[in-house]
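Peer 1: fold the following for me, if possible:
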Amino acid sequence: MQNKPKNKNQGPLVGLSVRQAQLNRRFGAEVVAITRHGSEQSPGAFLQDLVLRGGDVLILAVDAAFDAAAHRDLRKEVSDIEAVATDREREYVTGLRITKRGGLAGKTLASAGLLGVNGVRLLAIDRAVGGGTLRFGADGATSSTGGGGAAAEAEQHASAASVVLDGGDVCWFTGGLESISYLIRLPGFDQSQTDQIEKLGVDILERRLVQAAVAADSPIVGRSVREAGFRARYDAVVVGISRKGVALPPDVRDVRLKPGDVLLLDAGRGFARAHANDRAFTLINDVPKSSPIKTGKMWLAIFLLFLMVMSQIIGEFVFFWREEESRRRRNGGGGGEEGKELTSPPPKKKTTTLKKTGGVLTSKKIISQELISLFPAAILTAGLMLLTRCLTADQARKAIMIDVYVCIAFAFAVSSAMEVSNVAQVFANGFAAVSRKIGGTTAPVVAIYMVRLFGVF
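Peer 2: Numbering: from 1, shown residues only. This is a model prediction of the structure:
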């Protein structure tokens with residue numbers, strides 16, 4: 001997100017350089033450009049030394065949670081603040097490699113349904129052919145670099161959308177953060193720089209996407225990602241770049257970085273903390289729920305879940321089998337008596353007492369005969385998933401939705417209060433009386449539905 005505050009003609013910022021104004025330290029807003037008399041002033045690394053004048057329009061890169069109304073001091077120093085949020089303002093360019101076992105090989109992107117993903121546009125597809133690289137453009141243009149085989153095949157395709165994908169093809173997309181994050185996690189895609197990511201030595205459980213804005217005086221300004229040695233220097237891999245809505249070439253590794261560029265990084269969970277005070281970056285943010293899909297632990301997680309479910313099913317079968325054996329022993333094992341026992345209603349003294357609690361029928365006798373209760377089984381399964389590294393403790397903690405559990409707890413409390421105070425009985429009698437007066441079958445059904453609705457709330 002960007003904001004456009006207009007500098008007051010006689011404000012406290014007039015006469016100060018961008019560096020002296022310290023907007024980043026005070027408000028968490030990084031100046032990425034300045035518009036003066038209708039023309040943009042963005043002198044690269046010297047932007048921090050530009051002296052502000054009255055009437056200047058500052059282009060600020062801010063976090064998505066930035067609230068200008070909460071910064072009263074900022075509003076005192078500028079005459080107006082306007083949020084800028086265009087569709088292309090934060091579009092990232094990223095490359096995804098087609099895997100051989102993901103189900104995308106042998107299909108076109110259109111037949112795979114990936115050209116209709118909201119907010120995503122295909123730029124090009126790169127294919128290694130005959131020692132060279134063949135690029136299919138989305139506009140139908142085809143080019144090749146190195147190798148005669150690539151040049152020969154270049155004439156066989158009209159556009160990237162009609163290309164039948166092969167394992168190893170690199171698809172270059174541009175789109176918003178959520179859309180790109182969604183594509184990265186799809187089966188069949190892998191990062192185009194998987195070899196660089198593997199060299200990070202970061203466990204897949206700890207990996208995530210991180211946004212980092214390039215500072216005006218960053219040492220990587222004016223250098224490409226390749227030249228900057230990004231992985232070796234910062235222990236992260238650049239997988240996408242956004243530049244204020246400017247269209248960038250497909251291969252992000254060859255893009256020369258400028259102040260205000262927002263990099264999409266694949267890094268460990270400690271990146272933001274480790275580089276919080278690094279002059280190379282500003283506004284470092286972790287992307288929520290961006291950890292890669294852990295397909296290697298998928299079957300193990302499914303097996304643990306299966307065991308938990310089976311523990312409940314087996315417990316029920318064991319209980320009913322014991323009940324049936326006990327019934328047969330009481331009847332002396334006789335076939336006639338057994339048939340009579342099964343077909344005739346059981347005596348009241350032998351029935352299992354059912355108690356209504358919170359609108360759910362439970363059996364004390366059945367619960368006491370369970371192999372293992374559901375709650376301990378769920379805790380044990382979660383513990384095993386943590387021990388086998390199907391997920392991290394941080395992911396497990398974030399998966400617990402406290403607000404949902406608090407809501408359920410209060411629902412039980414309200415339900416019990418309504419039952420004890422006879423409010424539920426009054427409502428039920430009222431609906432029953434109205435349905436009897438109306439007559440027919442529709443009214444009772446509606447009455448039952450309304451009673452259940454009140455019971456839920």
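
Peer 1: look up phi and psi at Asp195.
Peer 2: Backbone geometry at Asp195, expressed as degrees, to the nearest 10, gives phi -60, psi -40.

Peer 1: neighbours of it, how many?
Peer 2: The number of residues packed near Asp195 is 9, by other C-beta atoms under 10 Å. Any C-beta I mention is one placed from the backbone N, CA and C, and that applies to glycine too.

Peer 1: and the gap between it and Arg231?
Peer 2: 10 Å (C-beta to C-beta, to the nearest Å).

Peer 1: after the helix or strand hosting Ser179, which helix or strand is next?
Peer 2: Using DSSP states H and E, Ser179 falls within helix 177-184. Downstream of helix 177-184, the next assigned helix or strand under DSSP H and E is strand 189-191.

Peer 1: in the longest helix belonging to the chain, what counts as buried?
Peer 2: As assigned by DSSP state H, the longest helix anywhere in the chain is helix 298-330. Going by neighbour count (16 or more other C-beta atoms under 10 Å), the buried part of helix 298-330 is 301, 304, 308, 311, 315, 319.

Peer 1: which strands or helices does that helix pack on?
Peer 2: The helices and strands touching helix 298-330, judged by 3 or more C-beta pairs under 8 Å, 6 or more residues apart in numbering; DSSP states H and E, are helix 335-343, helix 374-387.

Peer 1: now do that helix against helix 374-387, angle only.
Peer 2: Compare the direction of helix 298-330 with that of helix 374-387 by axes from the mean of the first three to the mean of the last three C-alpha atoms, to 10 degrees and you get 150 degrees.

Peer 1: hang on, the earlier thing: contact partners of the helix holding Ser179?
Peer 2: If you take C-beta atoms under 8 Å, 6 or more residues apart in numbering as the criterion, helix 177-184 is touched by 90, 92, 94, 96, 114, 117-120, 173, 175, 189, 191, 209, 211, 239-240, 264, 287, 289-290, 292.

Peer 1: buried sites along stretch 248-261?
Peer 2: Using 16+ other C-beta under 10 Å as the burial criterion, the residues of stretch 248-261 that qualify are 248, 250-253, 255, 257-261.

Peer 1: to clarify, my last question referred to stretch 417-435.
Peer 2: Result for stretch 417-435 [16+ other C-beta under 10 Å]: buried residues 418-419, 424, 427-428, 431, 435.

Peer 1: quick one: low-confidence ranges for the stretch 1-150 of the chain?
Peer 2: Along the stretch 1-150 of the chain, the parts satisfying pLDDT under 70 run over 1-10, 24-25, 30, 32, 38-48, 61-70, 82-89, 116-119, 139-141, 146-150.

Peer 1: closest to the centroid, which residue in the chain?
Peer 2: In the chain, the centroid-proximal residue (C-alpha atoms, centre = their mean) is Lys289; its distance is 3.6 Å.

Peer 1: number of nearby residues for the residue nearest to it when sequence neighbours are not counted?
Peer 2: Among residues not flanking Lys289 along the chain, Ser181 sits closest, at 7.9 Å (C-beta to C-beta, 6 or more residues apart in numbering). As a burial measure, Ser181 scores 19 neighbours (other C-beta under 10 Å).

Peer 1: quick check, pLDDT for Ser181.
Peer 2: For Ser181, the pLDDT comes out at 84.

Peer 1: what's the answer for the one 10 residues further on, then?
Peer 2: Among the per-residue scores, Gln191 shows a pLDDT of 84.

Peer 1: go on, the one 3 residues further on?
Peer 2: According to the prediction, Thr194 has pLDDT 83.

Peer 1: next one: it from Ala236, what distance?
Peer 2: Thr194 sits 14 Å away from Ala236, going by C-beta to C-beta.

Peer 1: can you check Arg256 too?
Peer 2: Arg256 sits 18 Å away from Ala236, going by C-beta to C-beta.

Peer 1: likewise Asp251?
Peer 2: To Ala236, Asp251 is 18 Å away according to C-beta to C-beta.

Peer 1: now the helices for the stretch 151-300 of the chain?
Peer 2: Along the stretch 151-300 of the chain, the segments classed as helices by DSSP state H, counting those that start in this stretch run 177-184, 194-198, 225-228, 230-234, 271-274, 298-330.

Peer 1: what's the burial count for Phe412?
Peer 2: For Phe412, the neighbour count with other C-beta under 10 Å is 13.

Peer 1: does it belong to a helix, a strand or coil?
Peer 2: helix (DSSP: H, G, I helix; E, B strand; the rest coil).

Peer 1: okay, buried residues for stretch 95-113 please.
Peer 2: Neighbour-count burial for stretch 95-113, with 16+ other C-beta under 10 Å as criterion, is recorded at 95-99, 102, 104-105, 109, 112.

Peer 1: span of that stretch from start to end?
Peer 2: Criterion C-alpha to C-alpha, to the nearest Å; first-to-last residue distance in stretch 95-113 is 18 Å.

Peer 1: how far away from the center of its chain is that stretch?
Peer 2: 22 Å (C-alpha atoms, centre = their mean, to the nearest Å).

Peer 1: got it, and stretch 183-200?
Peer 2: With C-alpha atoms, centre = their mean, you get 17 Å for stretch 183-200.

Peer 1: buried sites along that stretch?
Peer 2: Neighbour-count burial for stretch 183-200 [16+ other C-beta under 10 Å]: 183-184, 186, 188-193, 196-197, 200.

Peer 1: from what I can see Ile125 touches Trp172, true?
Peer 2: Yes. Using C-beta atoms under 8 Å, Ile125 is in contact with Trp172, at 7.2 Å.

Peer 1: put together a markdown table for the helices of the stretch 151-300 of the chain, with distance to Leu205 on each row.
Peer 2: What follows is the helices of the stretch 151-300 of the chain, written out as a markdown table (distance: least, C-beta to C-beta, whole Å):
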| stretch | distance to Leu205 |
| --- | --- |
| helix 177-184 | 16 |
| helix 194-198 | 14 |
| helix 225-228 | 26 |
| helix 230-234 | 20 |
| helix 271-274 | 15 |
| helix 298-330 | 13 |
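
Peer 1: picking up where we left off before, narrow the contacts of helix 177-184 to those in strands?
Peer 2: If you go by DSSP state E, these have 92, 94, 96, 120, 173, 175, 189, 191, 209, 211, 239-240, 264 in strands.

Peer 1: now, the most widely separated pair of these?
Peer 2: The two members of the ones in strands among the contacts of helix 177-184 with the most space between them (C-beta to C-beta) are Phe189 and Gln211, at 20.0 Å.

Peer 1: got the domain ranges for this protein?
Peer 2: Taking automatic domain parsing as the domain assignment, the ranges for the chain are 2-84, 87-192, 207-290, 294-333+367-390, 401-457.

Peer 1: among the buried residues of stretch 183-200, which two are most distant?
Peer 2: Using C-beta to C-beta, the buried residues of stretch 183-200 span at most 22.7 Å, a distance reached by Gly188 and Leu200.
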